[in-house]
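Chemist: okay, sequence plus prediction incoming.
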Amino acid sequence: MSQISENELKRISDKNMERFYDYLRLESVSAQGRQIKQTAEAVQALIENTGGESKVLKLEGAHPVVYGFFEAGPTGDSEKTLLFYDHYDVQPEDPLDEWRTEPFEPTVKEGILYARGVSDNKANLMARINAIEAYKNTEGGLPVNVKFFVEGEEEIGSPHVDDYLKTYADLFAADVCIWEAGSKDSDERLGISAGIKGIAYYEARVTSADIDMHSSLAAIADNSAWRLVQALASMRNVKNEITVDGFYDMMTPPTELEKKVLAEMPFDPDASKQNYGLKHSLITDQLTYSPEEALVFYPTLTISGLLSGYTGLGTKTILPRQALAKIDVRLVPGYEPDKVTKLLREHLDKNGFEDVELELLTSVMPFRTNLEDSFVKTVIDSAKKVYGEDKVVLEPNSAGTGPMYGFGKYLNVPILGSGTEWVKSGAHAPNENIRLSDFYQGVEHMVVLLESYKDS
Ligand SMILES: [Zn+2]
């Protein structure tokens, strides 16, 4: 493997544990605007103290983004620049009473490090910094140029990432990008994602009267709850197919290579059923495509919440004046939020639901790296060297969402994720954690990757 031994990497990580803990102690909860400025400055100091250049960038109304730069060493390839994407913000820590340790007081128990934000995604930033530090003491220095884009709004939907990228496209110019995260599954295989799904999130509302009414009036007055559920029901049939005209036509068909990669992805339908205690069979049992294809290649249309009328104790006979639903549409390549909005609106109008208001609350574009790009192989091969030949799984895109699209659009880079999480990391949940053994491996992967990228 690399010129830096495993022992040396462990020594560097252990030596720097206290600075890692200090980073975890910062309560950088973006949703509540807590300690955002301090944390951005702490990231800047972390980069500068490791020998890099750094700037805290600020756009009006946005949390700062931290820029970092480390130059390739004397024998490195200074023509190549790798960009790391990370975020310094974290989710709120509640429910507090479910934590077994203090969320912002990092605590190690039996090789597991607990703290809010440790898995998502403070450990990954620290693993990358440790890897860079390991190269500082070598004769050759850093194998390639490294940049950092560390934002503070990931946990609130990254509303300003594209503005920052547009404004600072030259500053962040790079050839390839490593994304914030990657997790081991229940069989200890590291998942490496080459993309994400996008999202279009809506609120749908029906208002049928000025006031709630005595339900005897249901004999003559329309009911907002009925209107809304009928409108929603018209969008999906009992076989779970989305019945909005043109909905599936937007999809960019997966390439042969993407299909081949998907076929190699492990998937255990029984484990999914067990993990979540599913009471029904998988909905893909009735569809023409597999659960793996559904997770990676297909869009979803989900009722995320419903609210109307009386739902308290006992009975209250009213006819609700208003009904509301939250709808979450996960997008795959080919889908654009505005086109989805147009189709949903047309569907409602065509089916007599002109009175159903539909408002797009937030949206993120989908992104998938071209799997033919040689960087894909570089990342996968370097991971196999560290994690083992059969312990690395490439997925064309994850089933989740993140702000990758702007990086593809403004920087034109292939993007792959790698990280130090494991199946029980509990991101966003109480008792969030990582295993220290995964952290050391994560540092090692970054070391091997930087060298492999230089040689590729
Ligand atoms: Zn998160």
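Modeler: Perfect, I can see it now. On a predicted model such as this, the values are computed, not experimentally measured, just so you know.
Chemist: in the longest helix anywhere in the chain, what's buried?
Modeler: Ranked by residue count under DSSP state H, the longest helix found in the chain is helix 436-455. By 16 or more other C-beta atoms under 10 Å, the buried positions in helix 436-455 come out as 436, 438-454. To be clear about C-beta, it is placed using only N, CA and C from the backbone, and glycine gets the same treatment.
Chemist: same deal with stretch 199-212?
Modeler: 199, 200, 201, 202, 204, 205, 206, 208.
Chemist: how is this protein partitioned into domains?
Modeler: 6-196+366-455, 198-251+299-364 (automatic domain parsing).
Chemist: now the element after the lowest-mean-pLDDT helix or strand in the chain, going C-ward?
Modeler: When the helices and strands of the chain are scored by mean pLDDT, DSSP states H and E, helix 269-276 comes last with a mean of 86. Going down the chain from helix 269-276, the next helix or strand is helix 291-297, by DSSP states H and E.
Chemist: helices or strands up against the helix or strand following that next one?
Modeler: Moving toward the C-terminus from helix 291-297, the next helix or strand (DSSP H and E) is strand 300-308. With contacts taken as 3 or more C-beta pairs under 8 Å, 6 or more residues apart in numbering; DSSP states H and E, strand 300-308 sits against helix 224-233, strand 322-331.
Chemist: and strand 300-308, which residues are buried?
Modeler: For strand 300-308, by 16+ other C-beta under 10 Å, it's 300, 301, 306, 308.
Chemist: then stretch 276-288 to CSV, C-alphas only?
Modeler: What follows is stretch 276-288, C-alpha atoms only, in CSV (Å, rounded to 0.1, in the frame of the first residue of the first chain):
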residue,chain,number,x,y,z
TYR,A,276,-38.3,-2.0,9.9
GLY,A,277,-40.8,-4.6,11.1
LEU,A,278,-42.7,-4.3,7.9
LYS,A,279,-46.2,-5.6,8.2
HIS,A,280,-46.8,-5.9,4.4
SER,A,281,-44.7,-7.5,1.6
LEU,A,282,-42.4,-5.1,-0.3
ILE,A,283,-44.4,-2.9,-2.7
THR,A,284,-42.1,-4.0,-5.5
ASP,A,285,-43.6,-7.5,-5.3
GLN,A,286,-46.4,-6.0,-7.4
LEU,A,287,-44.2,-3.9,-9.7
THR,A,288,-42.3,-4.8,-12.8
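Chemist: distance between that stretch and the chain's centre?
Modeler: 24 Å (C-alpha atoms, centre = their mean, to the nearest Å).
Chemist: stretch 222-231 now?
Modeler: That offset, for stretch 222-231, works out to 34 Å (C-alpha atoms, centre = their mean).
Chemist: which parts of that stretch are buried?
Modeler: For stretch 222-231, using 16+ other C-beta under 10 Å, the buried residues are 223, 224, 225, 226, 227, 228, 229, 231.
Chemist: now those residues in a markdown table, with distance to residue 42 and pLDDT?
Modeler: Formatted as a markdown table, the buried residues of stretch 222-231 follow (distance: C-beta to C-beta, whole Å; pLDDT from 0 to 100):
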| residue | distance to residue 42 | pLDDT |
| --- | --- | --- |
| 223 | 54 | 97 |
| 224 | 49 | 98 |
| 225 | 49 | 98 |
| 226 | 54 | 98 |
| 227 | 51 | 98 |
| 228 | 47 | 98 |
| 229 | 49 | 98 |
| 231 | 49 | 98 |
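Chemist: pick out the most distant pair among those.
Modeler: 223 and 231 (12.5 Å; C-beta to C-beta).
Chemist: ok, and what's touching stretch 102-115?
Modeler: Stretch 102-115 has contacts (C-beta atoms under 8 Å, 6 or more residues apart in numbering) with 20-21, 24-27, 93, 96, 100-101, 116, 118, 122-123, 430-437, 439.
Chemist: need the buried ones from the residues you listed selected in PyMOL.
Modeler: Selection of buried members from the contacts of stretch 102-115 for PyMOL, criterion 16+ other C-beta under 10 Å:
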select buried, resi 20+21+24+26+27+93+101+116+118+122+123+430+431+432+433+434+435+436+439
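Chemist: inside helices: which ones of the contacts of stretch 102-115?
Modeler: Per DSSP H, those map to helices at 20, 21, 24, 25, 123, 436, 437, 439.
Chemist: look up how far residue 292 lies from the second one.
Modeler: Distance, residue 21 to residue 292, using C-beta to C-beta, to the nearest Å: 39 Å.
Chemist: equivalent analysis for residue 183, please.
Modeler: 17 Å.
Chemist: repeat for residue 382
Modeler: 25 Å.
Chemist: and these two? Which one has more around it.
Modeler: residue 382 (26 against 17; other C-beta atoms under 10 Å).
Chemist: phi, psi of that one?
Modeler: Backbone geometry at residue 382, expressed as degrees, to the nearest 10, gives phi -70, psi -40.
Chemist: center of the protein, which residue is that?
Modeler: residue 402 (4.2 Å; C-alpha atoms, centre = their mean).
Chemist: which residue comes closest to it once chain neighbours are left out?
Modeler: Closest residue to residue 402 apart from its sequence neighbours, by C-beta to C-beta, 6 or more residues apart in numbering: residue 196 at 4.6 Å.
Chemist: cool, residue 325 as well?
Modeler: residue 204 (4.5 Å).
Chemist: which SSE is immediately downstream of the helix or strand containing the one you found?
Modeler: Here residue 204, judged by DSSP H and E, is contained in strand 198-207. For strand 198-207, the succeeding helix or strand toward the C-terminus, using DSSP H and E, is strand 213-214.
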